[in-house]
Structures are given as C-alpha cells and as structure tokens.
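Q: Below: sequence and its predicted model.
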Amino acid sequence: MTGIIFDDIGSYPLPDSVSKEWVNDAFSNRTDDETLFSVINTAFQQKIDAGVHVPTYPQFQDMNQQFLSVINNSECTEEPFEVREDCAQILELQSIEAVASKYRKEHGEKLDVRVCVTGPLELYLKEFGGTEYTDILNLLAKSVDRFVKNSIKSAKNFNIKTVSIDEPSIGINPQVMFNDYDLVTALTAASESASKYGADVEIHLHSPLYYQLACDTPTINVIGVESAANPSYIDLIDSKVLEDTDSFMRVGVARTDIFNLTAMLNEKYNTNVWKEPKRLLEIVTEMETAKVVTKRLSKIYPIFGERIKYAGPDCGLGAWPSQEIAAKLLNNVAHGIAEFEKTI
C-alpha cells in the first residue's frame, strides 16, 4: 500500500439495541458468542465500508480490564503477571475472521488489520499506581507481547499490518515514576514480536511531550499525535529526530473530542443537542468534513512530508452518539485523505 495509510484507533459506538452492561457480561461470561460476534462484525464491516485502509477491530471492552482479567487469572499465568501464551487471546480477532474471510473472497487478498493493545505502563499504573516495581513492569511488557505474538500467529484470513501500543499516561500522568531507560526497555519488550513479524508498531500517546521515548524504542516506528484537536502538538515534534531514528508519524486529522464538539453546538443553538439527534449530524456535515481533513493534512504535510505514514481520527469513537455518525466521520476522513493525495 502506497501513500498515507488511513487507520482508526479502535473504540466505536454500540448499536442502539445493545447495552454496555450486556456487552460486558457477554465478554466476561461468554454467554452468547453468536450475538456478541454479530455486534463486533457489524461494526467492523462499517469501518471497512467507510474506507478505512487498516481498520481496528471495534473495541467495546475496557482497555485495561480486557488484558488484566487474563493476566490476573492464576490459571492463565506461568508466574504472577506473566500470561501463558495460549491464554493470551484477543477475542475480537477470532470474531472478525468471518468478515475477513468474506473480504478475502470478494477482493482476492487478505484484509490488513490494526491491533490495539494496552501498554505495559498503563496496565502497571492501573494495578499499582505510583509505586515503582521494575520487575513487574517488565513482566507486564512480556505479557503484552504474548497477546500480540499469539494474535499474529493465529490470524488466518487477515494480515496484522499495524500493532498499536496504547500508552495515554506518558506525558500526562504525574504518577509515572520510572526513568526513561526502564520505559524504553518495557516498550521494547512489549512490541518485540510485532516488530519481528514485520508489523508497523505505533504508540498511541494522548500527549507527545515525551515522544522521543518512542523514537528511542527500537521496535516502535510510528508515533501517534492527536493533532486535529491540538494543532500545537505538531510543534513539539522535531522532524530531524524522526529522520535520525527512522521514525514515522500517525497524525490525527479529525477531531474525536465529542463533548467539546457538542458543547460548540449547544452554544450555537442554546440547547442540549444530545436530545436533538438531527443537530448532532452537523458534526459530520459541517464541522468535521472531508474538506477540513484535507486542509489539516495540507498544513502538516509540508513540515513532515513522507514521515507521515498514517492518518485518521485523533482517538476512538466509543463515546460518539451513534454508529451512523461515527461511520460518517470515518467516511469523511477517507475522502479527505484521498483528496489531499491528489495534490502531492
């Protein structure tokens, strides 16, 4: 695939007929895999239909609990915090085999897929807060890597093109006590298999303040920047550092901060637009349009050029009001990227 690759971060709204409580129970107790897989696959197909080049399976689970529930299960560990590889499974990837098989038959090639795993630091902070146990951080990193390795080895009808390590606390959370060396060591261990098997390894940061940590991690080659809602974040990235470390960028070209977007509409109409679904559509018909996406890329590309490898929405869409609006945003991004690429 040439040009800028369009991927998405992962989370996605549930259909109106399905509650979060039902989904949590279905994942935890495996009470109805048929319905659960149908919900996952319908959302995943929407991403494909919207034009996402490398879609992430729809994330309906809590980003920490999805992995910690397995890592903390004594029947699934070799020792505390070190998960057994056979237990290190991402259920959503089993589900999307059906959609991927259909895609393969229709297109004659495997679908490229993005996998998102919660990073070792984020899992550590959830369990231990501001204490500092480097050995446990490294065990969690090893476990994260096993989830990735097992996913790559198990995939049948799709290619795992991209693996994203989600580390929102780096640069934001004051509880982070580890030094740079320990963080680079853990991030390297967490992404070892992804890099070994040839996947691009992204790091998803909510703040790029310490992006150089990722550049210094030999197994990470793509730095994610939420630059649509925060254009000033681009100023923190030095293109020379990217070049010197052979690192690339994933730039945010569509805002996903839905509560700020709706607050603007509330002020405009002096109402609560969450109670007026028709007005919510304005987010994707007038605010976050394909033209706006193209304009954002036009401003960023002259700075970084071909160091921009991926583009997509800033973050996940799980809090968005409906699947219809989320899919429309993704479609806007697809058209916006395509229009921009005509200019280069």
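A: Noted; the coordinates are in hand. Residues are numbered from 1 along each chain as shown.
Q: Show me the shaky parts of the stretch 1-150 of the chain.
A: Across the stretch 1-150 of the chain, the ranges flagged by pLDDT under 70 are 1-2.
Q: which residues in it form strands?
A: For the stretch 1-150 of the chain, the strands defined by DSSP state E, counting those that start in this stretch occupy 5-6, 77-79, 82-83, 111-118.
Q: ok, now the stretch 201-344 of the chain?
A: Counting by DSSP E, counting those that start in this stretch, the strands of the stretch 201-344 of the chain are 222-225, 248-254, 308-313.
Q: which ones are touching Y233?
A: Residues counted as contacts of Y233 (C-beta atoms under 8 Å, 6 or more residues apart in numbering) are 207-208, 225-227. For the C-beta atoms, the positions are set from N, CA and C on the backbone; glycine is no exception.
Q: any idea how far it is from H204?
A: Look at Y233 and H204: by C-beta to C-beta, to the nearest Å, they are 13 Å apart.
Q: count of residues packed around E109?
A: 9 (other C-beta atoms under 10 Å).
Q: that older thread, mind putting the strands of the stretch 1-150 of the chain in CSV, distance to S247 and mean neighbour count included?
A: Shown next, in CSV, are the strands of the stretch 1-150 of the chain (distance: least, C-beta to C-beta, whole Å; neighbours: other C-beta atoms under 10 Å):
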stretch, distance to S247, mean neighbour count
strand 5-6, 15, 24
strand 77-79, 33, 13
strand 82-83, 29, 21
strand 111-118, 18, 24
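Q: Output these in a markdown table, with distance to A194 appended to each entry.
A: Formatted as a markdown table, those follow (distance: least, C-beta to C-beta, whole Å):
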| stretch | distance to A194 |
| --- | --- |
| strand 5-6 | 16 |
| strand 77-79 | 21 |
| strand 82-83 | 16 |
| strand 111-118 | 8 |
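Q: Looking at those strands, which is nearest to L140?
A: If you check each of these against L140 by C-beta to C-beta, strand 82-83 wins as the nearest, at 8.6 Å.
Q: Residues contacting the closest one, please?
A: Against strand 82-83 from outside (C-beta under 8 Å, 6+ apart): 70-71, 76-77, 139, 142-143, 146-147.
Q: and with 7 Å instead?
A: With C-beta atoms under 7 Å, 6 or more residues apart in numbering as the test, strand 82-83 has contacts from 70-71, 76-77, 139, 142-143, 146.
Q: do the same with stretch 320-340
A: Residues contacting stretch 320-340 (C-beta under 7 Å, 6+ apart): 4, 6, 8, 12-13, 15, 43, 46-47, 50-52, 253-254, 258, 274, 277, 280-281, 283-284, 288-290, 293-294, 297-298, 311-313, 317.
Q: The host helix or strand of K153 packs against which elements?
A: Using DSSP states H and E, K153 sits in helix 134-154. Packing partners of helix 134-154 (3 or more C-beta pairs under 7 Å, 6 or more residues apart in numbering; DSSP states H and E): strand 82-83, strand 111-118, helix 120-128, strand 158-166, helix 180-190, helix 192-196.
Q: Can you convert the ones you listed into a markdown table and add a column each for distance to F304?
A: Shown next, in a markdown table, are those (distance: least, C-beta to C-beta, whole Å):
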| stretch | distance to F304 |
| --- | --- |
| strand 82-83 | 37 |
| strand 111-118 | 21 |
| helix 120-128 | 26 |
| strand 158-166 | 18 |
| helix 180-190 | 22 |
| helix 192-196 | 22 |
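Q: and K342, which of these is closest to it?
A: strand 111-118 (22.4 Å).
Q: tell me the pLDDT at the residue lying farthest from the centre of the chain?
A: Distance to the chain centre peaks in the chain at N270, reaching 34.0 Å (criterion: C-alpha atoms, centre = their mean). On pLDDT, N270 comes in at 94.
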